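K.L.:
Provide a 3D model corresponding to the input given below.
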Amino acid sequence: MNMLTKQSLCLLFIILISACSTGNSPIIQTSKAPKPLILLISIDGFKPEYLQQESAPTLFKLAQQGASSKGMLSAFPSYTFPNHYSIVTGLYPDHHGIVNNSMKDPQIPEPFRLSSKSAVANPAWWEDGTPIWVSAQKKGLVTSTLFWPGSEAKIKGIQPNDWLVYDKNMLPPERVNTLLEWLNRPNERRADFATLYFEDVDSTGHRFGPKSNEVKRSVSEIDQAIENLIDGLGRLRLLPITTIIIVSDHGMTEVPVNQRIQLKSLLNSFEKTSIEWQGPLAGINLNGEKPLSVLNALNQNKNIQCWQKSDIPKKYHFGTHRRIPDIVCLANLGFTMVDGALSYLIPGQHGFDPELKDMHGIFIASGYRIQPSQLDVFENIEIYPLLCHLLNIPAEKNAAKDILFRQIINK
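P.N.:
Sure, this is the predicted structure:
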């Protein structure tokens, strides 16, 4: 056997050993020291009370060893798309423009719906805010988003280096494996910033309620996926230089079947009005009806509070954007507003006042540069400047107070 053949066989042997240790992909070797990785993970609808050692041992351990908070305040309204965009822009929904999961805009022909791929990918909906991956790429960094609201659109002409069209049928293990494949690259092509998103806890909470056994199983499945991710980062030799930030966008609460409020019956004297949003948060356009008369009719129900958009309480930072309907109503915890009597009741819901404990999300930070800390409740817009500090990039204009970096980071 000649020397060239021996060297080739030796190289093949090394590649095969590496492949066995990381799944189907060999570890990409690099002569440079690996650059830090900032990994932002969202577990949609994960309440602080779900963080139990029995059902979520990996998350519980990360919280105990790293930095965590008693809860995290959602932006108003406490829905998925508005809050995910607030987390990566540091702006309230009233300012970044994603004011609900469904919206109309007089300047955009097609309404925004989560089910509409063309609307979700239309940059016009997203341009009022600048997400962290856009700012990072402008500074020459590499970004990978395995699902995050906004990543399917070219915002300011930029998309993440890696991204996928959202696929709810992509199971958590597959998401983890895909992200690990993206991260198994040489320094210059591997992400400085990456995201990972799981919706399972939220969708199960909607269907069965937050106290159900199904939610407990979903929590355990996502916890296992995160354990697999950490193991994979270890195999890729990235774990020592990875900062992991785990958040949720909002909580969840029970909504009994007898606590539906029929909006049409309250508005039966106002035929011109149109119901744009329903649920714990309702939006109504007047279409020529007198606002005070409509408000008086709505506020007869003591389980909701309704305001003209210009009069929404200041604490909600909501009411100036053109996409917000003329009147906004907020239900008391456990009640929901529906368009018609035959509307299907969703047992678990969110969208209530973010200050209510049931609406709180979670915050956990662990790994590289994180010092153990127990934090009080804070607003989720504070995540954005923390990410900017960690990535060493300037922040865009935002509403955060920049309170996290000094509390949890080892400089």
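
K.L.:
other SSEs contacting the host helix or strand of Val215?
P.N.:
Assigned by DSSP states H and E, Val215 belongs to helix 213-235. Under the contact definition 3 or more CB pairs under 8 Å, 6 or more residues apart in numbering; DSSP states H and E, helix 213-235 sits against strand 37-43, helix 57-65, helix 172-183, strand 193-198, helix 200-208, strand 242-247. Using the backbone N, CA and C atoms, a C-beta is placed for each residue, glycine as well.

K.L.:
please redo it, this time with the cut-off set to 7 Å
P.N.:
Applying 3 or more CB pairs under 7 Å, 6 or more residues apart in numbering; DSSP states H and E, we find helix 213-235 packed against helix 57-65, helix 172-183, helix 200-208.

K.L.:
what's the angle between it and strand 193-198?
P.N.:
Helix 213-235 runs at 150 degrees relative to strand 193-198, counting by axes from the mean of the first three to the mean of the last three CA atoms, to 10 degrees.

K.L.:
distance between stretch 172-185 and the chain's centre?
P.N.:
19 Å (CA atoms, centre = their mean, to the nearest Å).

K.L.:
whoops, stretch 90-105 was the one
P.N.:
On the basis of CA atoms, centre = their mean, stretch 90-105 sits 14 Å off its chain's mean C-alpha point.

K.L.:
so the spatially closest residue to Asp311 that is not a sequence neighbour, which of the three states?
P.N.:
Leaving aside its sequence neighbours, Asp311 sits nearest to Gly319 (CB to CB, 6 or more residues apart in numbering; 7.4 Å). Put simply, Gly319 is coil when judged by DSSP: H, G, I helix; E, B strand; the rest coil.

K.L.:
for Gly319, give me its contacts.
P.N.:
When contacts are counted by CB atoms under 7 Å, 6 or more residues apart in numbering, Gly319 touches Asp94, Lys309, Ser310, Ile312.

K.L.:
let's see it at 10 Å
P.N.:
The neighbourhood of Gly319, defined by CB atoms under 10 Å, 6 or more residues apart in numbering, consists of Phe76, Asp94, Val99, Trp307, Gln308, Lys309, Ser310, Asp311, Ile312, Pro313, Val328.

K.L.:
do the same with Leu114
P.N.:
Leu114 makes contact with Thr80, Phe81, Asn101, Ser102, Val120, Pro149, Tyr166 under the criterion CB under 10 Å, 6+ apart.

K.L.:
circling back: buried sites along the helix holding Val215?
P.N.:
Residues of helix 213-235 classed as buried under the neighbour-count rule (16 or more other CB atoms under 10 Å) are 215-216, 218-230, 232-233.

K.L.:
thinking again about what came up before, for the contacts of Gly319, which one is nearest Gln259?
P.N.:
Val328 (19.6 Å; CB to CB).

K.L.:
what packs against the particular helix or strand that has that closest one in it?
P.N.:
Secondary structure from DSSP H and E places Val328 in strand 327-331. Helices and strands touching strand 327-331, by 3 or more CB pairs under 10 Å, 6 or more residues apart in numbering; DSSP states H and E, are strand 260-262, strand 274-277, strand 281-285, helix 291-298, strand 304-308, strand 336-338.

K.L.:
sec struct for the residue positioned nearest the centre of the chain, please.
P.N.:
Nearest to the geometric centre of the chain sits His84, at 3.5 Å (CA atoms, centre = their mean). His84 carries the three-state label helix when classified by three-state DSSP.

K.L.:
residues contacting it?
P.N.:
His84 sits next to 42, 44, 75, 98, 131, 147-151, 195, 197, 247, 249-250, 380 when contact means CB under 10 Å, 6+ apart.

K.L.:
so the helix holding Val215 versus helix 57-65, what angle?
P.N.:
Going by the same axes, to 10 degrees, helix 213-235 makes 70 degrees with helix 57-65.

K.L.:
change the start of the numbering to 536 and stick with it
P.N.:
Sure, I'll start counting at 536 from here, so that last one is helix 748-770.

K.L.:
so Thr788 bridges to which residues?
P.N.:
Beta-bridge partners for Thr788, by DSSP bridges, are Gln884.

K.L.:
just checking, it touches Ile881?
P.N.:
No - in this structure Thr788 lies outside contact range of Ile881 using CB atoms under 10 Å: 11.0 Å.

K.L.:
of the contacts of His619, closest to Gln588?
P.N.:
The closest of the contacts of His619 to Gln588 turns out to be Val782 (CB to CB; 19.9 Å).

K.L.:
next one: the closest one from Glu756, what distance?
P.N.:
Per CB to CB, to the nearest Å, Val782 is found 18 Å from Glu756.

K.L.:
now swap in Ala610 and tell me
P.N.:
Look at Ala610 and Glu756: by CB to CB, they are 28 Å apart.

K.L.:
how about Ala900?
P.N.:
23 Å.

K.L.:
and the pLDDT for the closest residue to Ile944 other than its chain neighbours?
P.N.:
What sits nearest to Ile944 in space, not counting adjacent residues and going by CB to CB, 6+ apart, is Arg904, at 5.4 Å. Model confidence at Arg904, given as pLDDT, is 95.

K.L.:
wait, what's in contact with Arg904?
P.N.:
Contacts of Arg904 (CB under 10 Å, 6+ apart): Pro571, Ile573, Ile776, Thr777, Thr778, His924, Leu925, Ile943, Ile944, Asn945, Lys946.

K.L.:
bridging residues for the fifth one?
P.N.:
The partner list for Thr778 in beta bridges (DSSP bridges) reads Ile573, Gly902.

K.L.:
low-confidence stretches in the stretch 836-946 of the chain?
P.N.:
Where the stretch 836-946 of the chain drops to pLDDT under 70, the residues are 876-878, 946.
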